[in-house]
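> predicted model and sequence below, questions to follow.
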Amino acid sequence: MNEMRRKLTTIFSADVQDYTRLMGADEEGTLAMLKWSRDAMSRLIGAHGGRVINTWGDGLIAEFPSVVEAVRAAIDVQNELVGMNAARPADGRMLYRIGINLGDVLAEGDDIYGDGVNIAARLQASAPAGGIVISNTVYDQVRNKVAVGFDFLGALTVKNVSEAVPSYAVRIGVEPSAGPAPAAGPSPAVAASEPVRLSDPRVRKMAGVFAVVAIALLVINLLSWQGVFWAAWPLLALAFVVAMGWVRSQNRFDRRIAGFAVVGIGIVMINLLSWHGVFWAIWPLLGLAVTAGLRWAMRR
């Protein structure tokens, strides 16, 4: 018999919005989509160091030793599902709601129990279709470590938990509402028409700083001109930092593949700025292309 023990862990709870309606409209197609999406979710959970604890119907529970990786996994899951749903009609999309909580739980064998799990399930039920809601314990750990925005939703009442749980919506592809989201969530058609955030304020500030520093370097280079355009090197380094910051703020595409592209452009620029008649950048570019291709193939 397994011994009951306590541990602190990050609980990831997910289910499908309007699953009963989808099954009624197309049972075989819905089951095929459920299997595909669950396989994709399990793969991404594992890639971020988590493990799936249990699945039932359209629901899934997982746990992560890292709070940051749990949130990153949830963002990657929702982004991958966007691609799956892109070609489907608005009323036939399979949209998941995800809730994440960091809490103390009872563990027995591979299963976990307790208020920490109940809170994650309540957060998931309050999330909009295609959205993520996290508890304040998660928010405190990830607010400065994950390049997304957060909207405070207020305190959620959880059955058998004495105190209400402050919660936050994770701002990914869709602007969340200012108040607590209803359990039913917006319809898929509404979610698909919402505006997409292209960057967060920190990236815009970085771009502004880059512009000011770039102008200053150009002026210094020109005023001290001795036939060498040395400002190109610090400008290239600053541009690389801003570009990588912008990539990390994006949720519409694979950030790693985009990062490879930025690195590739940087290598080409270094080759051109130090040109001696040999285009040596082709070799690292080939390596980056193969790595990006493998990454893309594995995601598919």
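Perfect, thanks for sending it.
> can you tell me which residue is spatially central in the protein?
The chain has residue 75 as the residue nearest its centroid, 2.6 Å off, counting by Cα atoms, centre = their mean.
> could you check the pLDDT of that one?
For residue 75, the model assigns a pLDDT of 94.
> residue 10 should be in a strand, yeah?
Yes: checked against DSSP: H, G, I helix; E, B strand; the rest coil, residue 10 lies within a strand.
> quick revisit: dump the residue contacts of the residue nearest to the centre of the chain.
132, 146, 148, 170, 172, 251 (Cβ atoms under 8 Å, 6 or more residues apart in numbering). (Glycine included, C-beta is placed from N, CA and C.)
> so where do the helices sit in the protein?
Here the chain has its helices, by DSSP state H, at 19-25, 27-47, 67-85, 115-126, 136-142, 188-193, 201-223, 232-249, 255-273, 282-299.
> rank the ones you listed by mean pLDDT and give me the bottom one.
helix 188-193 - the lowest mean pLDDT of the helices of the chain, at a mean of 36.
> which of the contacts of residue 75 lies closest to residue 8?
Nearest to residue 8, judged by Cβ to Cβ, of those is residue 146 at 19.5 Å.
> that closest one: neighbouring residues, count only.
18 (other Cβ atoms under 10 Å).
> residue contacts, it?
68, 71-72, 75.
> rewinding a little: now the contacts of residue 75 in TSV, with distance to residue 243 and pLDDT?
As requested, the contacts of residue 75 are exported to TSV (distance: Cβ to Cβ, whole Å; pLDDT from 0 to 100):
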residue	distance to residue 243	pLDDT
132	26	96
146	19	89
148	18	88
170	24	94
172	21	80
251	16	51
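> which one of those residues sits closest to residue 205?
residue 148 (16.1 Å).
> the closest one contacts residue 171, correct?
Yes: taking contacts as Cβ atoms under 8 Å, residue 148 lies within contact range of residue 171: 5.6 Å.
> domains of this structure?
Following automatic domain parsing, one gets these domains for the chain: 4-193, 201-299.
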